[in-house]
Each structure stands twice: as structure tokens, then as C-alpha cells.
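Visitor: Need a 3D model of the sequence below.
(one chain, ligands or ions: 2)
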Amino acid sequence: MQPRLAALLVACAVGTTALVASGAGAATFYVRISGDDANDGRTAARAFRTISRAAEVALGRRPHTIHVGAGRYQEGNINPGGSGRPGEPLAFVADWDGSRTGDAGAVLVDASGFQNGFRISSRPWVAINGFVIRGATEAGIDVKSGSDRTTVANCTIFSNGSRGIRVRDSTGVLVFNNLVYANRGTGIDFGGEIEGASEGAAINNTVYANDLDGIRIEAVVPLQAMTILNNVVTDNSGVGLNLKEGSTTDFIGQWNLVSGNASGDYNTTGVARGELDLAGPPLFVAPAGTDGTLGGTGHQDDDFRLRQVSAGEGSDSPAVDASALPVKQLSLQGASTRTDGTPDSGNTDLGFHLQSKADLVSGPGAPIERRLKGLRRRASQCERKTEKARTDRERGRGVCFQTGARKRLAHRCGPVVEAVCG
Ligand SMILES: [Ca+2]
Ligand SMILES: [Ca+2]
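Guide: Ligands and ions are numbered 1, 2, ... in the order given. Purely as a prediction, here's the structure:
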């Protein structure tokens with residue numbers, strides 16, 4: 001409580017110079033490689049040099065936005081001085097297309113020598129969007145100690161010393177459309193010892209070749225109402241989707257492609273396996289790239305786009321069009337899994353999309369809680385219907401034997417229904 005109170009007091013002392021932009025009382029700050037921490041950070045021309053400096057001045061309980069231009073930032077343990085508020089996150093946004101700072105290209109946080117790239121601690125409603133994060137000695141991104149409703153979206157997180165994304169004692173954390181690979185620990189890890197990490201969601205992430213589990217849901221404090229949808233979780237050294245007994249209450253997991261994980265795709269209880277989950281190789285274009293080096297200094301050419309015949313590859317990844325959830329419902333219009341950059345359309349492709357800016361929380365549209373509720377409802381309806389189709393089929397009856405009804409079910413719940421019906 002103490003640091004937060006101090007932050008608020010400082011914010012009051014600084015006064016009203018920082019009041020412009022979107023939400024009332026919120027400011028916009030800029031960070032560029034060509035910037036200077038002696039600047040005020042209020043325009044692209046007066047940008048700060050470090051993200052940490054921007055984090056330091058982002059005070060109060062206000063939805064500030066920090067736009068960060070392309071380049072390699074050698075810093076870490078970045079935690080904002082303030083926090084956002086319901087539906088209006090305090091947002092760190094990588095400006096990879098250069099639209100805000102004029103500097104287009106990857107925005108890399110090289111956290112070598114630091115425990116974390118971002119460490120969001122006791123700061124609810126923060127969003128981290130679009131960064132490339134590597135080299136931390138521990139987790140690439142650590143969300144902890146009551147950083148409720150924080151969002152990690154559109155990031156690439158690789159070659160960190162332990163986990164890719166670690167969520168501890170923070171409720172309702174959303175992990176959306178990230179590429180998490182070649183980390184030395186679990187890819188995405190929800191847990192905690194005090195508050196736990198209930199109502200967490202991992203949606204549309206690609207989680208590949210991490211040294212422990214792909215996605216892990218701990219139960220030291222039982223987690224409730226977790227949502228795991230549309231992820232690709234393959235080739236991790238531990239368990240793919242490791243849902244611990246004790247955290248299964250109101251768990252929803254569907255349309256995940258979970259395959260090739262060394263200690264099993266699901267743990268032995270198997271309860272995490274959704275009726276509509278898929279298996280089989282994801283057919284990425286070239287995870288290690290042409291240099292053959294996965295992550296580390298060889299990361300630039302690592303290519304996790306999905307092979308598809310219509311984009312010129314010889315085969316179709318099973319992840320293409322595999323979710324029943326439409327692209328629009330996940331705000332992934334304009335984002336792409338293809339080598340030709342054509343935006344995803346129709347049924348959402350599973351896993352990470354390039355060119356996505358949306359985080360499901362900021363901007364117009366229904367509040368995140370309502371959006372999640374809608375996704376969860378659809379997933380559980382489909383689970384019930386598909387489960388019924390499967391058991392009926394075993395008795396030689398039901399939807400699988402009725403062409404029209406079977407087509408409608410596949411339309412409603414995804415093409416994997418065809419596989420269920422055999
Ligand atoms: Ca490479
Ligand atoms: Ca699609």
C-alpha cells in the first residue's frame with residue numbers, strides 16, 4: 001500500500017500538466033531510441049529514451065498510454081508508478097508500425113541482467129502490448145501481487161531464464177495473442193500463494209519449445225473459472241496443458257491444438273482436454289528460421305506463421321480456421337497467420353497472429369468481463385453438444401448421422417466436429 005500511496009501523492013504534487021489524451025486525467029507519453037530521459041516525453045519529438053522513465057512518470061490511477069518506438073531497449077523490471085482503472089488500462093504499447101513515434105520496426109526489450117522484462121507488481125489494469133522480450137534471468141513478464149485484470153497481448157517472449165509469462169496472485173489476468181517460445185521454464189504459468197490467479201484467460205497464444213510446461217494452472221491456491229481457448233501448445237519439454245487437480249472448477253478449455261509435448265499433452269487427470277481440442281503437428285513455416293537457431297540471437301528469422309496452401313505453401317496447418325469463434329469476436333480482424341500477410345477471416349486460426357494491435361480490453365466494444373463470458377458460454381455449449389454427438393455416434397445414432405444437423409454443428413462449433421463424427 002505504501003508505494004502506491006506515495007505515487008498518488010507525487011501525482012498530486014506534479015499537478016495538472018500531465019492531463020490530456022483519452023481518459024480523463026490520462027496522459028500520452030513517447031519513448032524512442034533517439035529520445036532523452038531529460039525530455040518531458042509528451043510528444044514524439046520530446047520522447048524519453050527509456051521505457052523505465054515513462055513508467056516512472058505514469059502515476060496515479062489513470063489510463064496513461066506509453067508509445068514506444070522501434071529499437072533495442074536494454075532495460076528490465078519495468079513497473080508503472082500508477083495503474084489503470086476498470087476497462088481503461090494503463091498501456092505500454094509497442095509502436096511497431098511507427099504510426100505514433102515515426103520509428104517502425106520491432107520493439108525489443110533486451111532484459112539481459114534483469115530478473116524480468118516487465119514486472120507488474122501491485123498495479124491493476126495494466127496492458128503490455130506488442131513488445132518483443134528476451135534475455136531476462138527469470139520470467140520475461142511477471143504479473144504479481146494484486147495486479148488484477150492486467151493484460152499481456154501481442155507480445156513475443158523468448159529465451160528468458162525461467163518462465164515466459166508468470167502470473168501470481170492477480171485475478172482476471174488476460175494473456176492474449178502472444179508467441180511464447182524457447183524459455184527455460186514454463187511458457188505461461190498461472191498460480192499464487194495468497195490470492196491465486198482465478199478468472200485468468202489464455203487465448204490465441206502460441207506456446208512452443210519451452211523447457212517445462214506449455215501452459216500451467218497451479219492449485220496451491222485453487223484457481224477458478226480459468227479460460228483457455230484457441231492456443232497452439234506444442235513441443236514443450238514438460239506437459240502441454242497442465243491443469244492441476246484442484247483448479248478445475250469452472251475451467252473452460254476448447255479449440256486448443258496441444259501436441260508433441262514431451263511429458264504428455266495433458267496431465268494424467270486429463271480433465272483439461274476439451275472435446276474440441278485438436279492434435280497433430282501445427283505446421284509452422286519454420287520455427288528456427290533459415291539460420292536453424294531457435295530464439296536467442298538467432299530469433300529474427302524464426303517463423304511461426306501457419307502453412308496454408310492458399311498462401312503458397314504445400315500443406316494446410318490444422319490450426320487454420322480451427323476455432324468456431326469468428327475473427328471479429330476476438331478483435332483479430334487485420335491480423336494474420338499467413339506468409340502473404342492476408343488478414344485472418346471467418347473462423348479464427350489458432351495461435352499467434354502478426355499485425356494485431358487489439359488487446360480485448362482497451363477501446364470500444366463490450367467490457368472484457370462480458371466478452372469473456374460470451375466466449376465461455378459458446379465454448380461450454382459446444383462442448384456439451386459435441387460430447388453428445390460423440391456418445392450418440394457410439395450408439396449408432398444422433399447428429400453425426402444427420403447431414404444437415406452435422407453441418408450446422410460444425411458451423412456452430414468448428415470443423416473438429418467432423419473429426420468427432422469420423
Ligand atoms: Ca532463427
Ligand atoms: Ca481463419
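
Visitor: Next, the distance between the ends of stretch 121-131.
Guide: From its first residue to its last, stretch 121-131 covers 18 Å (Cα to Cα, to the nearest Å).

Visitor: from the middle of its chain, how far away would that stretch be?
Guide: Relative to its chain's centre, stretch 121-131 lies at 12 Å (Cα atoms, centre = their mean, to the nearest Å).

Visitor: mean confidence for that stretch?
Guide: The average pLDDT for stretch 121-131 rounds to 98.

Visitor: Is Ala139 part of a helix or strand, or is it coil?
Guide: The three-state assignment at Ala139 reads coil, by DSSP: H, G, I helix; E, B strand; the rest coil.

Visitor: I'd say it and Arg166 touch.
Guide: Yes - counting by Cβ atoms under 8 Å, Ala139 does reach Arg166; the two are 3.9 Å apart. Backbone N, C-alpha and C define where each C-beta goes, glycine included.

Visitor: more neighbours, the two?
Guide: More crowded of Ala139 and Arg166, by other Cβ atoms under 10 Å: Ala139, with 29 against 25.

Visitor: Tell me who's in contact with the most centrally placed residue in the chain.
Guide: Closest residue to the average C-alpha location of the chain: Phe176 at 2.6 Å, with Cα atoms, centre = their mean. Neighbouring residues of Phe176 by Cβ atoms under 8 Å, 6 or more residues apart in numbering: Thr151, Val152, Ala153, Asn154, Ala201, Ala202, Ile203, Asn204, Asn205, Asp359, Leu360.

Visitor: Return the distance of the last one relative to ligand 2.
Guide: Counting by Cβ to the ion, to the nearest Å, the gap between Leu360 and ligand 2 amounts to 18 Å.

Visitor: still on that earlier bit, of the contacts of Phe176, which pair is most distant in space?
Guide: Spanning the widest gap among the contacts of Phe176 are Asn154 and Ala201, at 14.8 Å by Cβ to Cβ.

Visitor: neighbour count winner among those two?
Guide: Neighbours were counted for Asn154 and for Ala201 using other Cβ under 10 Å; Asn154 has more, 27 against 23.

Visitor: So that one is in contact with Asp359, correct?
Guide: Yes - using Cβ under 8 Å, Asn154 is in contact with Asp359, at 7.1 Å.

Visitor: where do the contact lists of these two overlap?
Guide: Taking Cβ under 8 Å, 6+ apart as the criterion, Asn154 and Asp359 both touch Asn129, Phe176.

Visitor: and whichever residue of the chain sits closest to ligand 1, what does it touch?
Guide: Residue nearest to ligand 1 within the chain: Gly289 (3.2 Å; Cβ to the ion). Taking Cβ under 8 Å, 6+ apart, we find Gly289 in contact with Gly298, His299, Gln300, Asp301, Asp302, Asp303.

Visitor: ok, 10 Å please
Guide: For Gly289, the contact set (Cβ atoms under 10 Å, 6 or more residues apart in numbering) comprises Gly295, Gly298, His299, Gln300, Asp301, Asp302, Asp303, Phe304.

Visitor: what's the answer for Gly71, then?
Guide: Residues in contact with Gly71 (Cβ under 10 Å, 6+ apart) are Val31, Arg32, Ile33, Ser34, Gly35, Arg49, Thr101, Asp103, Gly105, Ala106, Val107, Leu108.

Visitor: before we move on, what SS does the last one have?
Guide: By that I understand Leu108. State at Leu108, reduced to three classes by three-state DSSP: strand.

Visitor: burial of it, as a residue count?
Guide: If you count neighbours by other Cβ under 10 Å, Leu108 ends up with 21.

Visitor: Same question for the fourth one.
Guide: Neighbouring residues of Ser34 were enumerated by other Cβ under 10 Å; the total is 13.

Visitor: confidence score at it?
Guide: Ser34 is given a pLDDT of 98.

Visitor: Pretty sure it sits against Arg46.
Guide: No - Ser34 sits out of contact with Arg46 when judged by Cβ atoms under 10 Å, with a separation of 11.1 Å.

Visitor: Distance of the closest residue to Gln300 other than its chain neighbours relative to Ala272?
Guide: Leaving aside its sequence neighbours, Gln300 sits nearest to Gly289 (Cβ to Cβ, 6 or more residues apart in numbering; 7.3 Å). Using Cβ to Cβ, to the nearest Å, Gly289 is found at 31 Å from Ala272.

Visitor: and what of Val93?
Guide: Separation of Val93 from Ala272 (Cβ to Cβ): 32 Å.

Visitor: where does the stretch 1-150 of the chain dip in pLDDT?
Guide: Scanning the stretch 1-150 of the chain for pLDDT under 70 picks out the ranges 1-23.

Visitor: so where do the strands sit in it?
Guide: For the stretch 1-150 of the chain, the strands defined by DSSP state E, counting those that start in this stretch occupy 28-31, 65-68, 71-73, 90-94, 107-110, 118-121, 126-129, 132-134, 141-144.

Visitor: Summarise which helices and strands the first one is packed against.
Guide: Applying 3 or more Cβ pairs under 10 Å, 6 or more residues apart in numbering; DSSP states H and E, one finds that strand 28-31 contacts helix 51-57, strand 65-68, strand 90-94.

Visitor: pull the CA atoms of it into CSV?
Guide: Only the C-alpha atoms of strand 28-31 are listed here, as CSV (Å, rounded to 0.1, in the frame of the first residue of the first chain):
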residue,chain,number,x,y,z
THR,A,28,0.2,10.1,-23.5
PHE,A,29,4.0,9.5,-23.3
TYR,A,30,6.5,8.7,-26.0
VAL,A,31,9.7,6.7,-25.8
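
Visitor: got the buried residues for it?
Guide: Residues Thr28, Phe29, Tyr30, Val31 are the ones in strand 28-31 that count as buried (16 or more other Cβ atoms under 10 Å).

Visitor: Get me the contact residues on this protein for ligand 2.
Guide: Applying Cβ under 5 Å from the ion, we find that the chain lies next to ligand 2 at Asp321, Asp344, Gly346, Asn347, Asp349.

Visitor: ok, 6 Å please
Guide: When proximity is defined by Cβ under 6 Å from the ion, the chain lies next to ligand 2 at Asp321, Asp344, Ser345, Gly346, Asn347, Thr348, Asp349.
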